[in-house]
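Participant: Below is the structure, and that's it, no one-letter string:
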């Protein structure tokens with residue numbers, strides 16, 4: 001059985017975006033592009049209904065490209081339990097209240113037994129200061145946390 005990986009929206013955005021002139025962003029885009037086939041081959045990938053909603057926003061042509069990239073990837077639903085866990089992440093100050101979507105990504109991955117949550121979002125998801133708060137808040141509710149990491153960390157690049 002392959003390990004399960006949840007792709008947060010930033011992964012799809014980096015994979016499909018036009019090359020950036022910002023060197024850090026460009027490096028992340030290139031790494032995401034290079035590892036995409038490996039992810040699809042060696043891991044069971046998942047997204048959520050929230051990812052579909054987020055990648056559908058913005059420029060129509062870019063949205064179509066993002067939607068095409070995630071075509072065929074199983075979709076996890078945002079259930080009432082997921083919403084409750086997301087609210088708990090916010091009430092425990094693991095995620096700021098204005099970033100409900102970030103809390104939902106974490107909650108849907110954790111409640112579905114996904115081993116890894118892949119993201120380029122370092123502000124509220126893959127953040128050394130937030131990660132311990134996230135783990136404590138989820139464990140306090142009796143669940144296990146998905147390992148939160150960037151593609152770089154995930155593949156040891």
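Facilitator: Perfect, thanks for sending it. What you see is a predicted model; the values in this text were computed from it and never measured. Numbering: from 1, shown residues only.
Participant: wait, is residue 126 part of a strand?
Facilitator: No. Counting by DSSP: H, G, I helix; E, B strand; the rest coil, residue 126 falls outside a strand, being coil.
Participant: Hmm, it is touching residue 148, no?
Facilitator: Yes. Contact criterion C-beta atoms under 8 Å: residue 126 and residue 148 qualify, at 5.2 Å. Placement of C-beta: from N, CA and C, glycine included.
Participant: Give the residues shared as contacts by the two.
Facilitator: residue 119 (C-beta atoms under 8 Å, 6 or more residues apart in numbering).
Participant: So the two - more neighbours on which side?
Facilitator: For residue 126 versus residue 148, neighbours defined as other C-beta atoms under 10 Å are more numerous around residue 148 (25 against 20).
Participant: In which helix or strand does residue 148 reside?
Facilitator: If you go by DSSP states H and E, residue 148 is part of strand 147-149.
Participant: mind listing what that strand pairs with, with the direction of each?
Facilitator: strand 116-118 (parallel) (DSSP bridges).
Participant: before we move on, back to that, which SSE is immediately downstream of the strand holding residue 148?
Facilitator: Next helix or strand after strand 147-149 toward the C-terminus (DSSP H and E): helix 151-155.
Participant: which residues of the chain fall in strands?
Facilitator: Assigned by DSSP state E, the chain shows strands spanning 4-7, 44-48, 75-76, 116-118, 147-149.
Participant: buried residues in the longest one?
Facilitator: With burial defined by 16 or more other C-beta atoms under 10 Å, the residues of strand 44-48 counted as buried are 45-48.
Participant: Check the first one too.
Facilitator: Judged by neighbour count (16+ other C-beta under 10 Å), strand 4-7 contains these buried residues: 4-7.
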